[in-house]
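**Student:** Need coordinates for the following:
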Amino acid sequence: MQAAPTESKFKTYYELTKPKIWYLLVFTALGTAVTASNIYNIEISIGTWILMLFGVAAGSAAANTLTNYHDRDIDAIMERTKERPIPSKRIYPAEKARDFGLILAGVSIACAFGIAFTTGFWNGIWCGIFMAFGLADNIIIYSHALKRKSQLNIILGGFSGGAPAMIGYAAVTLTGLWDFGLIMAGLVFIWIPMHIWALTLHFRDDYQKVKVPMLTAVLSEKTSARVIAGTTLMMVLFSVVPFFLTTDTGEPVMSEVYLYTAIASGALMIVLSAWVVAKPTEKSSWVLFKFSSPYLAVLFIALMVDSAL
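**Tutor:** Predicted structure coming up:
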């Protein structure tokens, strides 16, 4: 008879972490780890896999939980968010969510630094640094400092989105970390504004209601559509950069398999963004938003597949 409340509480806290967000971020960490492993022929230990994947999941969940805690006042007003666990009082008092988020953050940093014992000392140090940076950028810079004050909030706060990719790469090797690793993290960083601005254009009335100055909620619909199209084009152009990278020995990192995948998937995103420009409606922006996550996943799948060939 007591299993049901326990299960319900688990589902509530699971929902609090915004799993759809951290699923994708964990996948980017997986993608960079597998790609680095394939390129440099480095075997990844089970311990490293566990610490890296669980650490990124915990870190992403912590950031989402703590931003939910900070935004509990506006979440209670917005139609899109008023049924979330904290504003709906399914988690009460709200400090329980805060404490849960802090525990997850501690676990994530411990896991990241723990990679020093499974891969190498400096690998663990860099993973820990990237984890701490990602948490600080998302929670402090984006949520606390910029979200309610600056139209550039998601740009400066978007650096945290690339942290999991850097962690996945550094967990395997530090070779090429600041070129190929950074480029893969850059895919996520540039993708975030396109993804979030398409969402905020769809829910612009909600954001205007709580006076959160997301760029596409502040600008006119036509201007917002052009901004989204511009960032989409930037993302598509940047997505082909990995094809032109080489290793220290001059070998190409990627082949035509990745290039053609990036071009084909990018073409679809450009068509969808053109639709948003032509008809800047809630429907068109929502479709672009829904396609943006699979698009990023496809790029990372292509990186893994190409590097394995």
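
**Student:** which residues in this protein form helices?
**Tutor:** Assignment of helices within the chain using DSSP state H yields the ranges 3-16, 19-40, 46-70, 72-75, 95-114, 121-136, 153-157, 159-170, 182-202, 204-209, 215-218, 221-239, 256-278, 282-308.

**Student:** And the fourth one, what's buried?
**Tutor:** Within helix 72-75, the residues that qualify as buried by neighbour count (16 or more other Cβ atoms under 10 Å) are 72, 74-75. C-beta coordinates here come from the backbone N, C-alpha and C atoms, glycine included.

**Student:** Next: stretch 106-116.
**Tutor:** Residues 107-109, 111-116 are the ones in stretch 106-116 that count as buried (16+ other Cβ under 10 Å).

**Student:** can I have that stretch written out in PDB, keeping just the CAs?
**Tutor:** Provided in PDB are the C-alpha atoms of stretch 106-116 (Å, rounded to 0.1, in the frame of the first residue of the first chain):
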ATOM      1  CA  GLY A 106      27.700  17.700  -5.400                       C
ATOM      2  CA  VAL A 107      27.400  14.200  -6.900                       C
ATOM      3  CA  SER A 108      28.100  15.500 -10.400                       C
ATOM      4  CA  ILE A 109      31.300  17.300  -9.400                       C
ATOM      5  CA  ALA A 110      32.500  14.300  -7.400                       C
ATOM      6  CA  CYS A 111      31.900  12.000 -10.400                       C
ATOM      7  CA  ALA A 112      33.700  14.400 -12.800                       C
ATOM      8  CA  PHE A 113      36.800  14.700 -10.600                       C
ATOM      9  CA  GLY A 114      36.600  10.900 -10.000                       C
ATOM     10  CA  ILE A 115      37.600  10.400 -13.600                       C
ATOM     11  CA  ALA A 116      41.100  11.200 -12.400                       C
END
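
**Student:** Which residues outside that stretch are in contact with it?
**Tutor:** Taking Cβ atoms under 8 Å, 6 or more residues apart in numbering as the criterion, the residues outside stretch 106-116 that touch it are 48, 51-52, 54-56, 58-59, 62, 122-125, 127-128, 130-132, 135, 167, 170-171.

**Student:** Just the buried residues of those residues.
**Tutor:** The neighbour-count criterion (16+ other Cβ under 10 Å) marks 48, 51-52, 55-56, 58-59, 62, 123-125, 127-128, 130-132, 135, 167, 170-171 among the contacts of stretch 106-116 as buried.

**Student:** Worst mean pLDDT among the helices of the chain?
**Tutor:** Comparing mean pLDDT over the helices of the chain, the weakest stretch is helix 3-16, at a mean of 82.

**Student:** So which of the helices of the chain is nearest residue 86?
**Tutor:** Across those, residue 86 has its closest neighbour in helix 72-75 (4.5 Å, Cβ to Cβ).

**Student:** How many residues are close by residue 191?
**Tutor:** Residue crowding around residue 191 was assessed by other Cβ atoms under 10 Å; the count is 27.

**Student:** likewise residue 296?
**Tutor:** By the measure other Cβ under 10 Å, the count of residues near residue 296 is 25.

**Student:** Skipping its backbone neighbours, what lies nearest it in space?
**Tutor:** On the basis of Cβ to Cβ, 6 or more residues apart in numbering, the spatially nearest residue to residue 296 that is not a chain neighbour turns out to be residue 191, at 5.2 Å.
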